[in-house]
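Visitor: I need the structure of the sequence given here:
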Amino acid sequence: MATPSVNVKLEVTGPVSDAYREILSAEALEFLAHLAKQFEARRLPGGDATLQIRYVGVTRGAEDAGGAFDQAVVRAADYGWVVLTSPSAVRLACGRARTVGAWQALAQKADAVCFGSLAQRSPQSRQTIHSFLKTIRPETTRIFDVNLRRSYYSAQILADSAKQADIIKLNHDELPTVVRLLGFPFHDEESAAQWLRHTFHTKLVCITRGAGGSLLISEYAKHEHPGISVPVADTVGSGDAFTAALVYHFLRRESLATMNEAANGMGSWVASQTGATPTRDESRLERIRSTEL
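Guide: Here you go, the predicted structure:
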């Protein structure tokens, strides 16, 4: 069976001169080729399809142009008209198209993606994160790392993110706030974690307790770790180190006990060092990777 073709149409409209119209059309070619390629990759087989792209040549500010490309990509995925709202949007889109292409290539290779709530404090970054999550493979593990800071969160952000997650990670101080905001009365850590796992159909809920260790809750088991006592030099980065070790063993389908031991080991070691990314210690990393911790 022949591969269905994709026909791309460009329509330039608006108050622009004929000379400028030709320049815009030329600049748009690279962007159009990128969109057509993405359209081809996402389209279901069976029959010809047409991707129609309309360029509206109205000069707007850079801020408007910045959002135009995001709109273009979303609308292209829906196989409808794509409207770029300013001349600078086309130039910006051509550069960002290459970036998006690299991101999409990365998304197809990723075994795990960790995303947080704090990074979603602006609508643009929130849209970018969720667009990336839609691009990754179905089998890719998604980790939602809750970070409650000031007023940079809401029930909507938490719920939308939890729905995307295979693993939800949050600390014991955040847990009561999160479950109450989502409509569940907080009684204790275990029942709250079970409610999160059941409500959002996650595979694992991780509650960190600082120096007190962590609690892991899966569908069929739970495991508590008492933590590892170390002289604390700098806690920055220790949470991310904890997550990295946890996910490393989760991907390898290790036991909750192994995940917990590795995660606490890695997190406590980083907390004992100065700076968020201490110099690599290969022997320690090898112990963290080992299933015989």
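
Visitor: Check whether residue 170 sits in a helix, strand or coil.
Guide: State at residue 170, reduced to three classes by DSSP: H, G, I helix; E, B strand; the rest coil: strand.

Visitor: Any buried residues in stretch 170-182, and which?
Guide: Buried residues in stretch 170-182, counting neighbours by 16 or more other Cβ atoms under 10 Å, are found at 170, 171, 174, 175, 176, 178, 179, 181, 182. No exception for glycine: its C-beta is placed from N, CA and C like everyone else's.

Visitor: so the last one makes contact with residue 159?
Guide: When you say that, I think you mean residue 182. Yes. The pair residue 182 / residue 159 is scored as a contact, 6.1 Å apart, by Cβ atoms under 8 Å.

Visitor: Pull out the buried positions in the helix or strand hosting residue 248.
Guide: Using DSSP states H and E, residue 248 sits within helix 238-251. For helix 238-251, a neighbour-count test (16+ other Cβ under 10 Å) marks 238-250 as buried.

Visitor: what's the answer for stretch 186-203, then?
Guide: Across stretch 186-203, burial judged by 16+ other Cβ under 10 Å covers 189, 192, 193, 195, 196, 197, 200, 202.

Visitor: Can you show me the CA trace of that stretch as CSV?
Guide: These are the backbone C-alpha positions of stretch 186-203, laid out as CSV (Å, rounded to 0.1, in the frame of the first residue of the first chain):
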residue,chain,number,x,y,z
PHE,A,186,-6.1,13.9,55.9
HIS,A,187,-5.8,11.3,58.8
ASP,A,188,-2.4,9.7,58.3
GLU,A,189,0.3,9.3,55.7
GLU,A,190,-0.5,5.7,54.7
SER,A,191,-4.2,6.2,54.1
ALA,A,192,-3.5,9.5,52.2
ALA,A,193,-0.9,7.8,50.0
GLN,A,194,-3.3,5.0,49.3
TRP,A,195,-6.0,7.5,48.3
LEU,A,196,-3.6,9.2,45.9
ARG,A,197,-2.5,6.0,44.3
HIS,A,198,-6.1,4.7,44.0
THR,A,199,-7.6,8.0,42.8
PHE,A,200,-5.0,8.7,40.1
HIS,A,201,-4.2,5.1,39.2
THR,A,202,-0.5,5.5,39.9
LYS,A,203,1.9,2.6,40.3
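
Visitor: What are the contacting residues of that stretch?
Guide: Residues outside stretch 186-203 that contact it (Cβ atoms under 8 Å, 6 or more residues apart in numbering) are 159, 162-163, 165-168, 172, 175-176, 178-180, 182, 184, 204-205, 207, 215, 217-219, 222.
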